[in-house]
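**Q** Any chance you can model this:
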Amino acid sequence: MSGSLAGRTVLVTRPSGLSDHLAELLRSQECEAIILPAIDILPPDDPASLQAIIRRLDEFDIAIFVSPTAAARASDWRSAGPSPRRTAAPSKPETGKAAAP
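**A** The predicted structure is shown next:
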């Protein structure tokens with residue numbers, strides 16, 4: 001069974017609340033999934049500073065979001081504001097969808 005996940009153990013380090021789907025997919029392949037969140041995703045310490053940058057997004061050549069969560073959080077903050085000239089979502093297609101205005 002080369003390439004099979006059956007009988008293997010995988011450590012899932014995604015943030016709390018974002019690991020369940022991946023863990024279920026792994027378990028459906030008879031793999032043991034151990035959930036151990038490696039980071040917490042928190043709101044910014046200074047929301048006013050973030051809002052000031054978001055109000056200026058149209059001045060930037062590009063905005064880069066590294067995850068669907070980052071893009072979604074930024075989208076929540078910029079819903080009524082300008083958009084950058086381009087948006088890059090390098091990690092996966094879901095990031096691009098979340099980053100779209």
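**Q** do you know how far S49 is from S28?
**A** 43 Å (CB to CB, to the nearest Å). Quick note: C-beta positions are derived from backbone N, CA and C, even for glycine.
**Q** low-confidence ranges in the protein?
**A** 1-3, 76-101 (pLDDT under 70).
**Q** Okay, helices next: where are they in the protein?
**A** 20-28, 47-54, 68-78, 93-99 (DSSP state H).
**Q** could you dump these to JSON lines with mean neighbour count and distance to R14?
**A** Shown next, in JSON lines, are those (neighbours: other CB atoms under 10 Å; distance: least, CB to CB, whole Å):
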{"stretch": "helix 20-28", "mean neighbour count": "13", "distance to R14": "6"}
{"stretch": "helix 47-54", "mean neighbour count": "13", "distance to R14": "23"}
{"stretch": "helix 68-78", "mean neighbour count": "17", "distance to R14": "9"}
{"stretch": "helix 93-99", "mean neighbour count": "16", "distance to R14": "13"}
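**Q** Distance to T9 added to these, as CSV?
**A** CSV is the format used below for these (distance: least, CB to CB, whole Å):
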stretch, distance to T9
helix 20-28, 9
helix 47-54, 39
helix 68-78, 25
helix 93-99, 26
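**Q** what's the closest of those to I62?
**A** Evaluated over the helices of the chain, closeness to I62 peaks at helix 93-99, with 11.1 Å, by CB to CB.
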